[in-house]
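Student: Sequence plus predicted model, see below.
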Amino acid sequence: MGRIDRFLLVAVSFTCRIVSERFEVLAKVLLVNYHQNRGLNPYHPESVSKVTGAFPPLGLLYLAAVLRQKGLADVEIYDANVKQDDDETFKNRIAASGADILGFTSSTFEWLTTVHAIKMAREALPEALIAVGGPAVGAYPKECLSFEEIDVGVIGEGEETLAEIVSRWDKGAPLDGIRGTVVHRDGHGVVAPPRPFIQNLDAIPFPARDLVDRKAYNAIFIRKPFATLITSRGCPFQCSFCSRFYFGTKVRTRSAENILAEFEECVERYGVREFMIYDDTFGVRKDIALELCDLIIERGHKFRWSARTRVDCVDAAALEKLRRAGCYKLHMGVESGSEEMLKRMKKGITLDQIRRTFRLAREAGIETVGYFMFGYPGDTLASMEKTKNLSLELRLSWADFSITTPAPRTELNDEFERSGYIDGDFWRRYTLGEPIDRLPYFTTPEFDEAALESILNEAFTKFYLRPSVILRKALSLQFWFEAKKSIDGALALLRMWRK
């Protein structure tokens, strides 16, 4: 073979390889968000849930962004929660995707609802690889894999783990041993070693918001289109009703520059008009929070945003700077109007702190949302009355009430088990598929479950049907921008009041 012939052969071979690589078929991945607030003990009464709105599936948007950044998959997101798609619509959408890999996420309370969706997905795409993650899998990984329709469970943060799953699937490699997973082996769920938490959150790409219809999401009194985002992961506080295993107890924080860049992208690329910071607790790293505020102010941005924090994470100076940087609303957990109950909950705050911080926020011109719960072990009719009274005293912009429900892997759940309100390991039996309508409430000879529900309804209606509140909301421009939701919300409260 002559030199020219060899040259041509090499050139053709090289060209074929480039063409092959250029047109390499990526895995088709469909990430699925199924119905929310349809599991055990819905957080709100149904009449209230209908008007609270639907939020973008932030966790799935992060997963999609990582898969695309690594060039591993052609990714789509299907959010069945937005329109509460029925079973036929759901199965048709899954089948039409032709996905190679289906990824689901589930909270513990929605686990069996998610299993129902996974079973429908398996019928629609029998050959697809089905992965599921979220707190439910982290709490009971082996039990979650008892359902044969699920191929692999993701434990903890999913970005790096799902990327490795997709990479191995693409190579035809087995999925055994991937850190942070549970898989089937010999009829049992086998848990791999844990995957360390991601330490450099700046390295994670911004959520793939282009994969969802931003205008489809709404929440009462929030300007559309809006975006949710997180600035940190992990929570160092010890509230006995809260699970901390998913993101850990050590706070990992994004840099202020990185956070600001996401704000700017959302405005410039997606036309976002309002932001909701969804950290477990914004401001634990006060230096980062204040640096973010300084950057926003220095660059002349007029962002409108809200955040979830604690009364002991902000002071007068911080509140003033937050307001100047566009933070117009803070969500803070109060939980109880009883000092004794706050100690039982291990909240680490006092009534004096609560009163002072809400007053300072109001003086700074920041709206406030307070969260309260009834029926915590040790609660009495007297202590719950104190809670209702405190919600009225604090002059909140908004209040949210719930009946105490124990999540798995919490001190509260352990207390419910010890006291006999939960028979044995309730959450394990539930995860395995035992048909249970809901968790029991904490009751005493002084009050039963019906009384608790009556207290909850009374708290909502007593707070929102006050003339001063009605007038303030009616005078708000946002009330009229969201007139239908505002009216629906008022009607929901009236229905509760009439019960």
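Tutor: Ah, there it is.
Student: Only C-alpha atoms from now on, for both contacts and neighbour counts.
Tutor: Fine.
Student: Please tell me how far the residue nearest to residue 166 when sequence neighbours are not counted sits from residue 234.
Tutor: With sequence-adjacent residues excluded and distances taken as C-alpha to C-alpha, 6 or more residues apart in numbering, residue 166 is closest to residue 72, at 6.8 Å. Residue 72 is 28 Å from residue 234, where distance means C-alpha to C-alpha, to the nearest Å.
Student: Could you do residue 375 as well?
Tutor: On the measure of C-alpha to C-alpha, residue 375 and residue 234 end up 27 Å apart.
Student: Residue 350 now?
Tutor: The spacing between residue 350 and residue 234, counted by C-alpha to C-alpha, is 23 Å.
Student: Next, count neighbours for residue 192.
Tutor: Other residues lying near residue 192 total 15 when counted by other C-alpha atoms under 10 Å.
Student: quick one: contacts for it?
Tutor: Residues in contact with residue 192 (C-alpha atoms under 8 Å, 6 or more residues apart in numbering) are 176, 177, 178, 179, 180, 181, 182.
Student: If we use 6 Å, what do you get?
Tutor: 177, 179, 181 (C-alpha atoms under 6 Å, 6 or more residues apart in numbering).
Student: For residue 181, give the beta-bridge partners.
Tutor: residue 154 (DSSP bridges).
Student: Equivalent analysis for the one 4 residues further on, please.
Tutor: On the basis of DSSP bridges, residue 185 is bridged to residue 188.
Student: Report the separation between it and residue 101.
Tutor: For residue 185, the distance to residue 101 (C-alpha to C-alpha) stands at 20 Å.
Student: More neighbours: residue 375 and residue 234, which one.
Tutor: With neighbours defined as other C-alpha under 10 Å, residue 375 and residue 234 compare such that residue 375 has more, 26 against 20.
Student: tell me the phi and psi of that one?
Tutor: Main-chain torsions, residue 375, degrees, to the nearest 10: phi 80, psi 30.
Student: ok, which stretches of the stretch 351-499 of the chain are strands?
Tutor: Per DSSP state E, counting those that start in this stretch, the stretch 351-499 of the chain carries strands over the ranges 367-374, 398-403.
Student: what's the average pLDDT for the last one?
Tutor: If you average the pLDDT over strand 398-403, you get 94.
Student: just the angle between that strand and strand 367-374, please?
Tutor: Between strand 398-403 and strand 367-374, the angle comes out at 10 degrees (axes from the mean of the first three to the mean of the last three C-alpha atoms, to 10 degrees).
Student: Pull strand 398-403 out as PDB, backbone CA atoms only.
Tutor: Provided in PDB are the C-alpha atoms of strand 398-403 (Å, rounded to 0.1, in the frame of the first residue of the first chain):
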ATOM      1  CA  TRP A 398     -49.100  36.100  57.200                       C
ATOM      2  CA  ALA A 399     -49.500  33.100  59.500                       C
ATOM      3  CA  ASP A 400     -49.400  29.400  58.700                       C
ATOM      4  CA  PHE A 401     -50.700  26.700  61.100                       C
ATOM      5  CA  SER A 402     -50.400  23.000  61.100                       C
ATOM      6  CA  ILE A 403     -51.000  20.000  63.400                       C
END
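Student: ranges for the strands of the stretch 201-350 of the chain?
Tutor: Using DSSP E, counting those that start in this stretch, strands in the stretch 201-350 of the chain cover 226-229, 232-233, 252-253, 274-277, 305-309, 327-335.
Student: My error: substitute the stretch 1-150 of the chain in the last question.
Tutor: 27-33, 73-79, 101-105, 129-133.
Student: What is the third one packed up against?
Tutor: Read it as strand 101-105. Applying 3 or more C-alpha pairs under 6 Å, 6 or more residues apart in numbering; DSSP states H and E, one finds that strand 101-105 contacts strand 27-33, strand 129-133.
Student: Adding mean pLDDT and distance to residue 339 as columns, could you present the ones you listed in CSV?
Tutor: CSV is the format used below for the helices and strands packed on strand 101-105 (pLDDT from 0 to 100; distance: least, C-alpha to C-alpha, whole Å):
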stretch, mean pLDDT, distance to residue 339
strand 27-33, 97, 39
strand 129-133, 98, 38
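Student: With mean neighbour count and distance to residue 250 as added columns, please give those in TSV.
Tutor: Formatted as TSV, those follow (neighbours: other C-alpha atoms under 10 Å; distance: least, C-alpha to C-alpha, whole Å):
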stretch	mean neighbour count	distance to residue 250
strand 27-33	22	28
strand 129-133	24	21
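Student: nearest to residue 463, of those?
Tutor: strand 27-33 (33.0 Å; C-alpha to C-alpha).
Student: Please identify the pairing partners of that closest one and their relative orientation?
Tutor: Checking strand 27-33 against DSSP bridges gives partners strand 73-79 (parallel), strand 101-105 (parallel).
Student: just the angle between it and strand 129-133, please?
Tutor: Going by the same axes, to 10 degrees, strand 27-33 makes 40 degrees with strand 129-133.
Student: For the nearest residue to residue 151 once chain neighbours are set aside, give its distance to residue 193.
Tutor: Nearest non-adjacent residue to residue 151, counting by C-alpha to C-alpha, 6+ apart: residue 130, 5.3 Å away. Distance, residue 130 to residue 193, by C-alpha to C-alpha: 21 Å.
Student: One more: residue 178?
Tutor: 8 Å.
Student: For the two, indicate the residue with more neighbours.
Tutor: More neighbours surround residue 178 than the other of residue 178 and residue 193, with 20 against 13 (other C-alpha under 10 Å).
Student: tell me the contacts of the more buried one?
Tutor: Taking C-alpha under 6 Å, 6+ apart, one finds nothing in contact with residue 178.
Student: Repeat the analysis, applying 7 Å as the threshold.
Tutor: residue 192 (C-alpha atoms under 7 Å, 6 or more residues apart in numbering).
Student: Correct me if wrong: residue 193 contacts residue 180.
Tutor: Yes: with contact defined as C-alpha atoms under 7 Å, residue 193 counts as touching residue 180 (6.2 Å).
Student: picking that back up, would you mind giving the strands paired with strand 27-33 as CSV with mean pLDDT and distance to residue 242 added?
Tutor: Converted to CSV, these look like this (pLDDT from 0 to 100; distance: least, C-alpha to C-alpha, whole Å):
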stretch, mean pLDDT, distance to residue 242
strand 73-79, 98, 27
strand 101-105, 97, 19
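Student: Next, format the ones you listed as CSV and append distance to residue 287 and mean neighbour count.
Tutor: Converted to CSV, those look like this (distance: least, C-alpha to C-alpha, whole Å; neighbours: other C-alpha atoms under 10 Å):
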stretch, distance to residue 287, mean neighbour count
strand 73-79, 35, 20
strand 101-105, 33, 23
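Student: Could you export those strands as CSV, including distance to residue 337?
Tutor: As requested, the strands paired with strand 27-33 are exported to CSV (distance: least, C-alpha to C-alpha, whole Å):
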stretch, distance to residue 337
strand 73-79, 38
strand 101-105, 35
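Student: and of those strands, who's closest to residue 91?
Tutor: Proximity to residue 91, assessed across the strands paired with strand 27-33 by C-alpha to C-alpha, is greatest for strand 73-79 (11.5 Å).
Student: hmm, who's touching the closest one?
Tutor: 26-34, 64, 67, 211-212.
Student: Please repeat the previous calculation with a cut-off of 6 Å.
Tutor: 26, 27, 28, 29, 30, 31, 32, 33, 67.
Student: so how far is residue 424 from the nearest residue to the first one once chain neighbours are set aside?
Tutor: Meaning residue 26. Distances taken as C-alpha to C-alpha, 6+ apart place residue 73 nearest to residue 26, at 5.0 Å, with adjacent residues excluded. According to C-alpha to C-alpha, residue 73 stands 43 Å off from residue 424.
Student: Likewise for residue 113?
Tutor: 22 Å.
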